[in-house]
Every structure is written in C-alpha cells, then in structure tokens.
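[1] Pasting the sequence and the predicted coordinates here, then a few questions.
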Amino acid sequence: MRSLVIVGATGSIGRQAVEVVRSSPELRVVGLAAGRDWRTLLRLAEELEVEHIALADPEAASQAAEHFSGRVEAGSEGTIALICDTACELVLNAAVGAAGLTATVATLGEGIDLALANKESLVVAGELVTALAEATGARIIPVDSEHSALFQLVRNEPPGTIERLVLTASGGPFRGRRREEIEHASVDQALAHPTWRMGGKITVDSATLMNKGLELIEAHHLFAVPYERLDVVIHPQSIVHALVELNDRALLAHLGLPDMRVPISYALHYPERADVDVPRLDLARVGTLTFEPPDLATFPCLRLAREAGIAGGSAPCVLNAANEVAVNAFLAGQLPFGRIAEVVERTLERCPRQPLRHFMDVAAADAEARRVAQELVTAVRA
Ligand SMILES: NC(=O)C1=CN([C@@H]2O[C@H](COP(=O)(O)OP(=O)(O)OC[C@H]3O[C@@H](n4cnc5c(N)ncnc54)[C@H](OP(=O)(O)O)[C@@H]3O)[C@@H](O)[C@H]2O)C=CC1
Ligand SMILES: CC(=O)[C@@H](O)[C@H](O)COP(=O)(O)O
Ligand SMILES: [Mn+2]
C-alpha cells in the first residue's frame, strides 16, 4: 500500500487521480490540497477518509475549518506542512501554474517521490528542481502525457543510443488557421480543445502552442537532452504521445487514447503497472494518423518558449509568469487572444536574463515578470 498526497486535488488531473485511486487497492490517500475550492476538497476528503487537508487560499481554509473535523492547513506554508507531516511516500503535484513550485520543492526537499503534472515547476526552476531531487534521492515521475510516454520509451535504452526526443502536439482548436483569423478568438473557441478535456489554463496554452513550448523545457530538464535534439510534431489525433529516435534511426512511439488516467496511473504505481479501466485503442477504427510541422508564424509562443529555454537562467521563468498573466487576462475578457504572445515577448524583452542560483531568485524573477506583464496587459486595455 502506497500513501499518497494529492496537491491540486479539485482540478482536472486531481479528480482523475481520485478516479485512479478509487479502483486501486495499492493506493491510500493521506492528504489533499487545493487552491480555494474548499467544498469540493471536503467532499473528496470525506469520500477518501482523509483527515489532513490544505488550502492555499487562507479564506477558503477558514471556511473549510468550520465544516471539517480533521486538520486544515492554510496558505502555501500549509501545503508544505501537509506534505511534511503526513509521512507520505508519494506526492502527486497537480496544481496549476508556478504556484505549484512550492509543493514540488517541499516534496523533493523531504526526499519524497514526486508524480509531477505541474510542468510549470520544471519550466520556472528546472535546474534547481532537478538538483534538489538528485541531492535528496527523490524521484520525479512525469504525469504529463508526452513526458510519461518518453519516460517509458527511454527506460530500457542503453546509454548513448538516444538521438532525439519528439513531442506530439494536437495543434489545438486553431490548427490550420491564419494569425489574423484567430486574433480575436473567443474564450469558448480557445477552450474547445479537439482531443483532451483539461483545466482552463492549459487548454488556452494548447490553443497558443505555449503548452508545447513549456513541454519542450519540461523535457529538457526531465531527460537532460539539449534543445537541438528536442522536436515537436503536430499530430491532430493525439494517439501517438511521443517518439524517441535512436542511433540506428529506429523511431519508438508510445500510443494510447487521449485519457490522462493512463499516465496518472502509471506515475502513481511506478515502477509497477496497474489495470486501468479505459477503452482499448482500436487502430483499425482510428484508421488514419497524420503528422505535420508546427506553424510558428501563427503560433509564436512555441518559438518564444524554445528561445527562452535555450537562453536559460530566468528567461523560462519570465516566459511562464508573463504567459500566466496574459492567459488569465484573456480568460477574464481583458486581452485579445492574439495579444497573448505579444505580452510574453515584450515581457521577455523588458526583463533581462538573470542567473537563478536559489529558489529566492526564482520568486524575484517571477514577481518582476508578473508586474511587467500586468502593465503591458493594462496598456492594451487602455
Ligand atoms: N488537465 C490535464 O489533462 C493536464 C494537465 N497538466 C498539468 O497539470 C497541472 C494541473 O492542470 P489541470 O488539472 O488541468 O488544472 P485545473 O485548473 O483543472 O486544476 C488546478 C488545480 O490546482 C489547484 N491550485 C491552484 N492554485 C493552487 C495552489 N497555490 N496550491 C495548491 N493547489 C492549487 C486548484 O485548486 P482550486 O480549484 O481549489 O482553486 C486545482 O485543484 C497544470 O500544471 C497542467 O499544465 C499536464 C498534462 C495534462
Ligand atoms: C494531456 C496533455 O498531456 C496535455 O499537455 C496535452 O498535451 C495538451 O494538448 P496539446 O498537444 O494540444 O498541447
Ligand atoms: Mn502534455
């Protein structure tokens, strides 16, 4: 039996993780954390008989405390306390955004294995995060579908045989459209992802292709592969999740229906595999799998992310912070879809690259980039 804390339990990944737990006798949840949705968190805690929870939002935490007989932690310190005090063996980090870095650092710092959905942790502080894991011996098991696929593909290959990692991208709802056609796309259009059902922020990132840019940086840190050996190919069916090219030019691919319960289950049971109650992939029924290059002119976020990754230091952190501000503004109806990339690009120009020597440097770079990006968003609105 493996004891598990789920951070971001009320979200898309968190709720699917609970589904996996429900059908797994191997997993026992001992702690749950979320941002502010205390009602859902209490419902989950009751169902899973969890006595220790945390809410990042202090107001939500005090509401929860009035209705919960167990222990309620508040704020980001509360998430840390939950992770440190529950004596869990594994943490699933399914929080959204750079705010998820707190749980990542607390988990790895305690030497606890981390099932990582929160890709932003690796984007904003990849070197520091992987160094911390190395120092404490904790393992990072990716949950992101492409990285889970790569993790499984590279596992048994001898050292020196892997030449290239390829991430697939659905292309999002605006694949095949020209830039001027999507400049004023609505929130509903951006949220209409063709293949995956996910939270709002990542769904918008898929529509701008920033998601694939963040995933390039995530892959760079997870697999220690330089950017020139990381590729993206558009694959609208989302059946092939990733490919690995070997030195003999063989390409290994990982296939499956687009269902996050599969990579979640893999990460939570690793290194074992458990049965997952999802439909079988019937390739004859799928019929056609297609691939095309990404359109970098229409979707500049992918180029910006690659450039920020190559620049290193604070650049990926600035990219991420600006993107979070811009995506939130878009979702709130305060920024046109077509200006998201522009806010990110201008913020990168105005926040010179700094070295990130400590997590405190990450927090400072993140805060400054948010300030600059917010100014740019306000200027667009004026
Ligand atoms: N959804 C998917 O299929 C995939 C998601 N991912 C990644 O997984 C992460 C989660 O995505 P998704 O589930 O879609 O997002 P959702 O928006 O659906 O859920 C986000 C979760 O994060 C919680 N949260 C917000 N702020 C904090 C905080 N400060 N501390 C703790 N928890 C917090 C929210 O709590 P509350 O609701 O209470 O505010 C919620 O539980 C993202 O990094 C995303 O990129 C990766 C691959 C696929
Ligand atoms: C399910 C998952 O892993 C997402 O990150 C997915 O990759 C999003 O789809 P896109 O390929 O459109 O970005
Ligand atoms: Mn992904």
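    Happy to help now that I have it. Ligands and ions are numbered 1, 2, ... in the order given.

[2] and the stretch 1-150 of the chain, which of its residues are near ligand 1?
    Residues of the stretch 1-150 of the chain lying close to ligand 1 (Cβ under 6 Å from any ligand atom) are 7-14, 33-37, 56, 79, 94-96, 99, 117-120, 144-145. No exception for glycine: its C-beta is placed from N, CA and C like everyone else's.

[3] Check what contacts stretch 7-18 and list those residues.
    6, 29, 32-35, 37, 40-41, 44, 47-48, 79, 83, 91-96, 100, 103, 117-118, 143, 197-199, 260-261, 264, 268 (Cβ atoms under 8 Å, 6 or more residues apart in numbering).

[4] Which of those fall within helices?
    Thr40, Leu41, Leu44, Glu47, Leu48, Thr79, Ile83, Ala103, Arg261, Ile264, Leu268 (DSSP state H).

[5] okay, now the last one: neighbour count?
    For Leu268, the number of neighbouring residues by other Cβ atoms under 10 Å comes to 23.

[6] Could you pull up the residues touching it?
    Taking Cβ under 8 Å, 6+ apart, we find Leu268 in contact with Arg2, Leu4, Ala17, Val20, Val21, Ser24, Leu27, Leu90, Leu92, Ala115.

[7] Just give the nearest non-adjacent residue to the closest residue to ligand 1 within the stretch 151-300 of the chain, would you?
    The stretch 151-300 of the chain approaches ligand 1 most closely through Gly199 (2.6 Å), counting by Cβ to the nearest ligand atom. Nearest residue to Gly199, sequence neighbours excluded (Cβ to Cβ, 6 or more residues apart in numbering): Ser12, at 4.6 Å.

[8] And the helices in the stretch 151-300 of the chain?
    For the stretch 151-300 of the chain, the helices defined by DSSP state H, counting those that start in this stretch occupy 179-182, 187-190, 200-208, 210-223, 261-269, 283-286, 300-311.

[9] could I have the third one exported to PDB, CA atoms only?
    Taking C-alpha atoms only, helix 200-208 is exported to PDB below (Å, rounded to 0.1, in the frame of the first residue of the first chain):
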ATOM      1  CA  GLY A 200      -8.700  26.300 -18.500                       C
ATOM      2  CA  LYS A 201      -5.100  27.500 -18.300                       C
ATOM      3  CA  ILE A 202      -3.500  24.500 -20.000                       C
ATOM      4  CA  THR A 203      -6.300  24.400 -22.600                       C
ATOM      5  CA  VAL A 204      -5.600  28.000 -23.600                       C
ATOM      6  CA  ASP A 205      -1.800  27.100 -23.700                       C
ATOM      7  CA  SER A 206      -2.700  24.300 -26.100                       C
ATOM      8  CA  ALA A 207      -4.500  26.800 -28.300                       C
ATOM      9  CA  THR A 208      -1.500  29.200 -28.500                       C
END
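
[10] In this model Ala326 seems to touch Cys301, though I could be wrong.
    No: the pair Cys301 / Ala326 is not scored as a contact, 9.6 Å apart, by Cβ atoms under 8 Å.
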